[in-house]
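Engineer: need the 3D shape of this:
(one chain, ligands or ions: 2)
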Amino acid sequence: MSLLDAILGNANFMNNQCLICQNPLGDIEITLNHKWHYDCEKCQICGNDLAGEVIAECLTSEREISHKPCWDKKHEALMAARPVEVTQGLLDYLNNVRLMIDGDLSKTIDDNQSIAEQAQRRWMHDKSIDEIFMSLRKMQAITACCSIVLNERQKKEVSLRISTEEKRRREAELKSQVLSAEDFRESEQKKLERKREKQTPEGKAIAQLMKTFGWNEEVAREHLKSMKANSQGTESVQ
Ligand SMILES: [Zn+2]
Ligand SMILES: [Zn+2]
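Structural biologist: Ligands and ions are numbered 1, 2, ... in the order given. Sure, this is the predicted structure:
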């Protein structure tokens with residue numbers, strides 16, 4: 001029988017016992033079907049009065065009978081006041097677990113996802129199938145929980161963001177494919193050019209002329225021929 005059932009009065013759970021201090025209830029509480037002493041309706045941290053709904057909330061969430069702000073403040077103070085020593089190994093382990101789930105808005109979706117993936121791989125490498133299965137069920141619960149938090153409008157926004165992101169990714173992939181194809185073509189061209197240059201001195205000269213003056217091969221060849229003829233002509237004159 002859960003505390004919630006008890007609070008809702010679904011059972012004779014803890015007959016006539018105060019749900020806060022566990023002592024027997026007084027006549028007045030029993031008569032009015034009140035589940036705790038009127039005197040117990042106090043914040044156990046600040047000592048001030050506590051509303052019935054807040055008490056019910058404390059009982060269901062198993063929080064100390066207190067105002068939420070009082071409880072938060074107390075725990076903040078406890079965290080600050082009681083430093084504990086942890087080993088680097090434990091810290092690394094806990095940080096790795098955090099990296100699986102904490103969204104980092106300063107990074108892209110891709111980076112967030114690859115961080116989560118790496119962290120998950122590190123975490124699961126020494127886990128049994130049973131543990132992984134249990135973890136999967138927990139993640140299912142987390143996903144459902146997150147999706148409930150988002151209202152319809154936000155869900156639309158999220159799916160819009162996802163499709164924009166996917167479109168961007170597809171375009172980037174396409175662009176990189178085109179670029180690498182161009183790069184390949186260029187490098188093939190360069191290879192051909194180098195091959196040509198490595199050939200005969202004449203081939204080298206033609207390639208040089210083509211490159212320098214932007215001529216096609218035929219024009220370069222003709223020019224080289226006339227240059228040769230000229231130089232031979234000059235030689236024969238001398
Ligand atoms: Zn009580
Ligand atoms: Zn309080």
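
Engineer: do you know how far residue 130 is from residue 136?
Structural biologist: 11 Å (CB to CB, to the nearest Å). In this view, the C-beta of every residue, glycine as well, is placed from N, C-alpha and C.

Engineer: ah, wrong one, I meant residue 116
Structural biologist: Taking CB to CB, one finds residue 116 at 14 Å from residue 136.

Engineer: same check, this time on residue 99
Structural biologist: 18 Å.

Engineer: before we move on, what about residue 87?
Structural biologist: 29 Å.

Engineer: and this protein, which residues reach ligand 1?
Structural biologist: Within the chain, the positions near ligand 1 by CB under 5 Å from the ion are 18, 20, 21, 37, 40.

Engineer: repeat that for 8 Å
Structural biologist: Neighbours of ligand 1 within the chain, by CB under 8 Å from the ion: 18, 19, 20, 21, 22, 23, 25, 36, 37, 39, 40.

Engineer: buried ones among those?
Structural biologist: 18, 19, 20, 25, 36, 37, 40 (16 or more other CB atoms under 10 Å).

Engineer: the closest residue to the fourth one other than its chain neighbours: neighbour count?
Structural biologist: For residue 25, ignoring the flanking residues on the chain, the nearest one in space by CB to CB, 6 or more residues apart in numbering is residue 16 at 4.9 Å. Applying the criterion other CB atoms under 10 Å, we find 13 residues in the vicinity of residue 16.

Engineer: by residue count, tell me the biggest helix in the chain.
Structural biologist: Secondary structure of the chain per DSSP state H: the longest helix is helix 152-198.

Engineer: packing partners of it?
Structural biologist: Packing partners of helix 152-198 (3 or more CB pairs under 8 Å, 6 or more residues apart in numbering; DSSP states H and E): helix 201-213.

Engineer: now the angle from the helix it packs on to helix 152-198?
Structural biologist: Relative orientation of helix 201-213 and helix 152-198, computed by axes from the mean of the first three to the mean of the last three CA atoms, to 10 degrees: 140 degrees.

Engineer: elements contacting helix 201-213?
Structural biologist: helix 152-198, helix 217-237.

Engineer: tell me the angle of that helix relative to helix 217-237?
Structural biologist: Per the same axes, to 10 degrees, the angle that helix 201-213 makes with helix 217-237 is 120 degrees.

Engineer: can I get helix 201-213 as CSV, trimmed to CA atoms?
Structural biologist: Taking C-alpha atoms only, helix 201-213 is exported to CSV below (Å, rounded to 0.1, in the frame of the first residue of the first chain):
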residue,chain,number,x,y,z
PRO,A,201,62.2,18.0,-72.6
GLU,A,202,59.9,19.0,-75.4
GLY,A,203,56.8,17.8,-73.5
LYS,A,204,58.0,19.8,-70.5
ALA,A,205,58.4,22.9,-72.6
ILE,A,206,55.0,22.5,-74.1
ALA,A,207,53.4,22.0,-70.7
GLN,A,208,55.3,25.1,-69.5
LEU,A,209,54.0,27.2,-72.4
MET,A,210,50.5,26.0,-72.0
LYS,A,211,50.6,26.9,-68.3
THR,A,212,52.3,30.2,-68.8
PHE,A,213,50.3,31.6,-71.7
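
Engineer: now the element after the lowest-mean-pLDDT helix or strand in the chain, going C-ward?
Structural biologist: Within the chain, no helix or strand scores below helix 3-7, which has a mean of 51 by mean pLDDT, DSSP states H and E. For helix 3-7, the following helix or strand on the C-terminal side (DSSP states H and E) is helix 27-31.

Engineer: rewinding a little: mind putting the helices and strands packed on helix 201-213 into TSV with distance to ligand 2, mean neighbour count and mean pLDDT?
Structural biologist: Shown next, in TSV, are these (distance: least, CB to the ion, whole Å; neighbours: other CB atoms under 10 Å; pLDDT from 0 to 100):
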stretch	distance to ligand 2	mean neighbour count	mean pLDDT
helix 152-198	33	11	83
helix 217-237	91	11	76
